[in-house]
Structure formats: C-alpha cells, structure tokens
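Participant: Model the following, please.
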Amino acid sequence: MNQLLKYITRLQHNIVHASIFTLVMLTGEEVFRYLHPLLAININFHDISIYLLIGLIASFFKSKKFIRGIYLFVLFFTLIQYIHFNFYGTWIFPIEYMLFFTKLRETMETFFTVLHITIVPLLLITVSLFLLWKSIDNMSEERITIPYLSVVLILFLIFIPARIFFKEHSRKGARPNIEVVPIINTMETLGYFFGRIIPKKISGKSGLEQKVVSAPKVIQKDPKINIVVVMGESLTVAPMSLYGEKEITTPNLDKMKTDKNFLYQIAFSSGVMTDISLPSFFNILYQPDSISQIVSTNTCLFKLAKLNGFTTHFYSAQSRDGLSNIKSYLCMKWIDHLSDASEFTKDIKVDTLDNILVEKLKKIDLSIPNFIVLHQIGSHTPVRTRYPKEFEHFKPNHKDVVDLSGYKNTILYTDYILTQLIKVLKEKSKLPTYFFFTSDHGEGIDEHAGHGHLNDKNQYQVPFIMYVINPKREILYKLRDKKYTSHFEIAKLIARTLGYDTSNLRKFDGEHVVCGSDLTGIAGILKIKTEKDEIVKLKVSN
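Facilitator: Below you'll find the predicted structure:
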C-alpha cells in the first residue's frame with residue numbers, strides 16, 4: 001500500500017508538468033486564433049488531451065535534454081504552422097515540405113518580403129519557450145521515468161508514415177485540418193509526406209511533376225458586375241425534372257426553360273467527393289496531382305476575383321467541422337467575408353438549412369462588384385433533415401434501396417432556394433449579374449448508394465445552371481450548342497467572366513476527367529470523351 005501511495009505521489013509530478021505544458025501550448029494557440037479572423041477559438045477535450053499526452057510522455061524521460069528536444073520540435077513546427085497560416089490562410093500541406101527544398105530560392109525570396117507576418121508567431125513561441133524551459137528546470141527528480149522510452153518514441157514516429165505507406169487508399173494527413181492543433185497537423189502531414197509522397201516520388205509514379213500554370217492575365221480591368229456561384233451538395237441530375245425526370249422535382253426551374261437568359265447542361269464533376277471536387281473547381285484544375293497548383297494559388301477563383309476589384313464572399317450552410325478540411329484549399333486569405341452554419345447553430349458540428357444563404361445574400365451590397373460563393377448542405381445525408389416540413393412532398397417508398405423520396409424532397413427545396421436567390425438578385429442588383437449553379441458531386445440513387453465511386457454515373461453527373469440578370473447583350477448563345485460540360489469548363493467560364501484570359505489553361509478537346517476519392521489520383525480517375533451530345537468513351541484508370 002505504501003509503495004502504491006509513493007508511486008501515485010511520484011506520478012503527480014508528471015501530471016503537474018504535463019498540465020503546465022498543456023496550459024502554455026493551449027494559451028499560445030488560442031491567442032493566435034483570437035488574433036486571426038479566419039480561425040475560431042476552439043478549446044475542446046480533444047486538443048487538451050493531445051497536449052496532455054505529449055506533456056505526459058515527455059515527463060517520463062529521464063534526460064531533461066531529451067525533454068527539451070521534444071518541446072523544441074513541437075514549438076518549431078508550431079511556429080512554422082503559425083507563419084504559414086499568416087501568409088496562406090491554411091496549415092501546411094504535405095507537398096509543401098518538398099516544395100520548400102525544391103523551390104528554396106523562391107521560398108526565401110518571398111519570405112523576406114513578408115517578415116512582418118512572423119512577429120506575432122515569434123512572440124508567442126518565445127514566451128512559450130521561456131515558460132517551458134523554466135518548467136523543465138523545476139521538474140522534480142522524484143517524477144516517474146521510463147527506461148528506453150526513446151526507442152518507443154522512435155518506433156512511433158516510424159509507424160506514422162509506415163501506416164500511410166501500407167494502407168494504400170488512406171487519405172489520413174493528405175490535407176491539413178484547420179480545426180485541430182498545429183502539431184497534430186504537422187504529424188499527420190509529415191506522415192503523409194514520408195509515407196506516400198516520398199515513396200511515390202522515388203518510384204517515379206508520383207504524378208507530382210505537373211507543371212504549375214501561371215496566373216491568367218486580366219483582359220477586362222475591374223468589371224462592374226456581380227457574380228454568384230452556388231455550389232450544391234450531393235445532387236445528381238437523374239431525379240431532376242429539369243433534366244427529364246417524370247415526377248416534378250424542380251417546378252420553378254422548369255418554368256425558366258424558355259427564358260433566353262437561362263441555360264442548363266449536364267456537367268461532369270471534378271471528383272466524386274467534396275474534398276476533391278471543391279479544391280479542383282475553385283482552383284480550375286483539369287486533372288489530379290495538381291496540388292502544387294493549389295498551393296501556388298495562381299488560379300484560385302477567390303484570388304482572381306479579389307485582384308480584379310471584386311469583394312469576395314464565402315457562405316456555407318455546412319458546419320465548421322464539416323468544412324475544416326476544405327477551407328485549406330480555398331485560398332482563404334483572399335476571402336473578405338466568410339461564415340458557416342456554426343455561426344447560426346453555435347455548434348461546430350451542426351449544419352443548418354440552405355435558407356440562411358438567401359438571408360446572407362440579402363445583406364450584401366450588390367451596388368458594387370461582388371464575387372459570392374454560396375455553399376449548400378443541399379442533398380447531403382441524412383436527407384430527411386435537409387428541408388423544412390412543408391417540402392415533404394414525396395412520401396417514403398420502402399422498396400427503394402436508398403431514401404429516394406427524401407432525396408427528391410431535397411431537390412424540391414433546392415429548386416425553391418435557387419429561385420429565391422435569383423429573385424433577390426433581380427430585386428437588388430442593378431449591375432449585370434451572372435448566376436452559376438452546380439453541385440460538388442452526385443449521389444448514388446439505386447444500387448450504388450452514397451458517393452466516392454467512379455463506376456456510377458449518378459455520382460459524377462451533376463447539374464449546371466446559368467442565369468444572367470441585366471445583361472448588356474445575349475451572351476449564352478455560344479454555350480447552347482452542347483449538352484455536356486464539366487467543372488473545369490465552368491470554372492474557366494467563371495474566370496473569363498471575372499475578366500481574365502484563360503487561354504493559358506488547357507484547351508477543351510472533348511475529354512473530361514473525374515478524380516476518384518484521392519486528390520492525387522491514386523484512387524483512380526475516369527476519363528470521359530464526348531462528341532456533340534453523346535458520350536463516346538469511358539475509361540477508368542487506377
């Protein structure tokens with residue numbers, strides 16, 4: 001009994017030290033989040049437990065030099081993440097570890113022009129370093145120590161990339177998660193870098209050699225127009241009466257078919273998952289393995305808009321947690337106004353209905369040029385929670401493999417939301433206004449429920465709708481001669497509408513590319529060849 005009490009007393013020293021480490025690190029991070037408009041203060045049990053675990057493991061080492069080494073590692077990469085976030089608006093992507101060395105000169109030249117962004121991170125890390133050094137100096141020698149713990153730590157560090165290497169389709173660490181602590185992002189992205197990118201680079205099969213496309217040139221400076229892009233969620237064309245479904249699911253859009261300012265086509269999505277299609281769409285990517293292009297921000301639509309005189313907006317009906325991995329791809333530095341569902345629900349994990357997007361649009365000053373992106377929750381599962389009760393038109397059919405009736409109700413609601421948005425624009429915007437709608441990807445509605453697969457056309461055939469308000473001339477006639485388009489072509493069209501020459505981007509040759517469940521293409525890609533109004537070739541590559 002006395003031995004147990006002695007053990008508990010010694011363990012208390014370890015716990016105290018781990019608590020000090022946690023308090024110091026969390027305080028520094030929350031100060032950084034408070035000072036950064038793109039980050040929300042986010043103290044939660046997960047982050048506390050992560051820091052407690054790191055501090056506790058460190059306290060079990062006998063050598064204080066080794067403990068200092070662990071803390072230097074944590075603080076150094078936290079500093080790098082802070083500086084990176086101040087410049088790019090995201091934590092570090094895995095590929096950037098490679099780009100730092102392969103593009104060292106350009107990196108340093110850029111770095112020395114923005115030294116001011118290092119001031120706050122350096123102050124925070126310096127204060128943390130001082131406090132942790134004092135804490136280590138005062139560590140009790142009575143604490144519990146574990147022999148050979150360094151070996152265990154080394155094996156753990158090896159395990160992180162090894163897990164990625166041997167788990168072929170794992171996307172863990174493929175992109176940073178904006179809502180978790182910097183050191184976790186560091187460990188996960190470094191694991192992906194050493195476990196996936198480096199081996200593929202050595203093997204010569206990485207596909208990372210895609211050339212970075214330069215930014216398109218401005219051909220119309222500061223156009224006095226409004227552009228609204230509505231990005232749907234999990235919406236395929238098959239159940240939409242606009243595209244031929246017998247049951248009326250889009251009554252309002254159906255009535256607009258004869259409007260000369262209305263255009264609709266079938267589009268092939270860039271990917272079959274949100275965190276593939278949105279990065280591809282908003283960075284005008286034609287094919288996978290273009291992460292370097294994303295990092296460059298050369299073709300990011302928000303950046304192009306901002307640099308050509310538009311006020312930029314991104315509003316989402318999805319939760320902050322749901323968007324955490326997507327935001328990193330959207331060059332958030334160039335977004336003037338950004339909010340998500342959590343602003344309304346007060347919960348980082350809870351979505352809201354799409355009517356908030358209408359309310360957001362109503363509050364925007366449309367007398368000046370705006371680039372507005374409205375991101376729906378749309379038809380995301382569970383579909384029965386995605387619309388108000390008055391849109392419960394289609395009743396459950398127990399014969400359906402999926403909840404197709406609920407899915408059709410979400411389409412009814414999206415039809416209502418889109419026409420409400422157009423109504424607001426007609427009433428408020430005196431400038432020429434260009435309204436674009438598509439969906440991030442489709443959804444399986446028969447034997448292939450869900451999404452993420454290339455073998456089901458419903459998962460990559462999505463709607464494309466364009467409507468023009470107050471046009472100076474007929475502009476849609478050139479687009480009416482084809483049935484099919486793609487996210488890539490739509491994104492290029494938006495860039496041209498923003499006032500840019502897109503001739504430096506890939507020319508359309510009738511071939512469209514859909515990426516599987518990994519942005520690098522390692523989970524497969526689908527190539528679709530079209531001629532006139534026909535799909536003439538499908539080819540899946542793994």
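Participant: next one: stretch 16-33 to chain centre, how far?
Facilitator: 27 Å (C-alpha atoms, centre = their mean, to the nearest Å).
Participant: tell me which residues of it are tucked away?
Facilitator: 16-26, 28-29, 32-33 (16 or more other C-beta atoms under 10 Å). All C-beta spots, glycine's among them, are computed from the backbone N, C-alpha and C.
Participant: and which of those is nearest Val120?
Facilitator: Nearest to Val120 among those is Phe32, at 7.1 Å by C-beta to C-beta.
Participant: just checking, the closest one touches Leu123?
Facilitator: No: shown here, Phe32 and Leu123 do not form a contact pair, counting by C-beta atoms under 8 Å, at 10.1 Å.
Participant: distance of Leu285 from Ser296?
Facilitator: 11 Å (C-beta to C-beta, to the nearest Å).
Participant: The buried residues of stretch 16-33 in helices, which ones?
Facilitator: Cross-referencing the buried residues of stretch 16-33 against helices under DSSP state H gives 16-26, 28-29, 32-33.
Participant: Please enumerate the helices of the stretch 151-300 of the chain.
Facilitator: 182-192, 198-203, 251-254, 274-282, 291-296 (DSSP state H, counting those that start in this stretch).
Participant: Pipe the ones you listed into a markdown table and attach mean pLDDT, mean neighbour count and distance to Thr497 per row.
Facilitator: Below are the helices of the stretch 151-300 of the chain laid out as a markdown table (pLDDT from 0 to 100; neighbours: other C-beta atoms under 10 Å; distance: least, C-beta to C-beta, whole Å):
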| stretch | mean pLDDT | mean neighbour count | distance to Thr497 |
| --- | --- | --- | --- |
| helix 182-192 | 90 | 22 | 35 |
| helix 198-203 | 76 | 14 | 37 |
| helix 251-254 | 98 | 17 | 21 |
| helix 274-282 | 93 | 25 | 14 |
| helix 291-296 | 88 | 22 | 21 |
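Participant: looking at the ones you listed, which is closest to Tyr467?
Facilitator: Nearest to Tyr467, of all those, is helix 251-254, at 9.6 Å by C-beta to C-beta.
Participant: Leu79: what's it in contact with?
Facilitator: Applying C-beta atoms under 8 Å, 6 or more residues apart in numbering, we find Leu79 in contact with 121-122, 125.
Participant: Among those, name the buried ones.
Facilitator: For the contacts of Leu79, a neighbour count by 16+ other C-beta under 10 Å gives the buried set as 121, 125.
Participant: Between the contacts of Leu79, which sits nearest Tyr243?
Facilitator: Pro121 (50.6 Å).
Participant: List the contacts of the closest one.
Facilitator: Taking C-beta under 8 Å, 6+ apart, one finds 32, 79, 82-83, 86 in contact with Pro121.
Participant: Select from these every entry located in helices.
Facilitator: Residues of the contacts of Pro121 located in helices (DSSP H): 32, 79, 82-83, 86.
Participant: Can you lay out the residues you listed as JSON lines showing pLDDT?
Facilitator: Shown next, in JSON lines, are the ones in helices among the contacts of Pro121 (pLDDT from 0 to 100):
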{"residue": "Phe32", "pLDDT": "93"}
{"residue": "Leu79", "pLDDT": "95"}
{"residue": "Tyr82", "pLDDT": "93"}
{"residue": "Ile83", "pLDDT": "91"}
{"residue": "Asn86", "pLDDT": "86"}
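Participant: Throw those residues into JSON lines and include distance to Thr189, thanks.
Facilitator: Shown next, in JSON lines, are the ones in helices among the contacts of Pro121 (distance: C-beta to C-beta, whole Å):
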{"residue": "Phe32", "distance to Thr189": "18"}
{"residue": "Leu79", "distance to Thr189": "16"}
{"residue": "Tyr82", "distance to Thr189": "15"}
{"residue": "Ile83", "distance to Thr189": "15"}
{"residue": "Asn86", "distance to Thr189": "18"}
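Participant: and the residue nearest to Ala18 when sequence neighbours are not counted, helix, strand or coil?
Facilitator: The shortest distance from Ala18 to any non-neighbouring residue, by C-beta to C-beta, 6 or more residues apart in numbering, is to Gly55 (3.3 Å). Following DSSP: H, G, I helix; E, B strand; the rest coil, we place Gly55 in the helix state.
Participant: OK, contacts around Gly55?
Facilitator: Applying C-beta under 8 Å, 6+ apart to Gly55 gives the contacts 17-22.
Participant: Closest one of those residues to Leu38?
Facilitator: Thr22 (24.3 Å).
Participant: picking that back up, now do the residue nearest to Ala18 against Ser269, distance only.
Facilitator: Note on Gly55: its distance to Ser269, by C-beta to C-beta, is 44 Å.
Participant: Looking at the contacts of Leu79, which are in helices?
Facilitator: Cross-referencing the contacts of Leu79 against helices under DSSP H gives 121-122, 125.
Participant: mind checking pLDDT for Gln250?
Facilitator: Gln isn't right for residue 250; it's Thr. We have a pLDDT of 98 for Thr250.
Participant: Please apply the same query to Lys362.
Facilitator: In this model, Lys362 carries a pLDDT of 98.
Participant: list the contacts for it?
Facilitator: Residues counted as contacts of Lys362 (C-beta under 8 Å, 6+ apart) are 424, 428.
Participant: Can you show me the strands along the chain?
Facilitator: With strands called from DSSP state E, the chain shows them at 217-218, 226-232, 262-268, 311-316, 337-339, 370-375, 433-439, 461-469, 484-486, 500-501, 511-515, 525-531, 534-541.
Participant: For the last one, name the packing helices and strands.
Facilitator: Meaning strand 534-541. strand 525-531 (3 or more C-beta pairs under 8 Å, 6 or more residues apart in numbering; DSSP states H and E).
Participant: CA atoms only: put the strand it packs on into CSV for me.
Facilitator: Extracted C-alpha coordinates of strand 525-531, given in CSV (Å, rounded to 0.1, in the frame of the first residue of the first chain):
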residue,chain,number,x,y,z
ILE,A,525,-9.6,8.6,-62.4
LEU,A,526,-12.3,8.4,-65.0
LYS,A,527,-11.8,9.9,-68.5
ILE,A,528,-15.0,10.8,-70.4
LYS,A,529,-14.9,11.6,-74.1
THR,A,530,-17.8,13.5,-75.6
GLU,A,531,-18.7,14.4,-79.2
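Participant: That strand relative to strand 461-469, how many degrees between them?
Facilitator: Note on geometry: by axes from the mean of the first three to the mean of the last three C-alpha atoms, to 10 degrees, strand 525-531 and strand 461-469 are set 60 degrees apart in direction.
Participant: Figure out how far strand 525-531 is from the centre of its chain.
Facilitator: In this view, strand 525-531 has its centroid 25 Å away from the chain centroid, taken as C-alpha atoms, centre = their mean.
Participant: and it, which strands flank it?
Facilitator: Within its sheet, strand 525-531 is paired with strand 511-515 (antiparallel), strand 534-541 (antiparallel), according to DSSP bridges.
Participant: Tell me the buried residues in the last one?
Facilitator: Using 16+ other C-beta under 10 Å as the test for burial, strand 534-541 gives Ile535.
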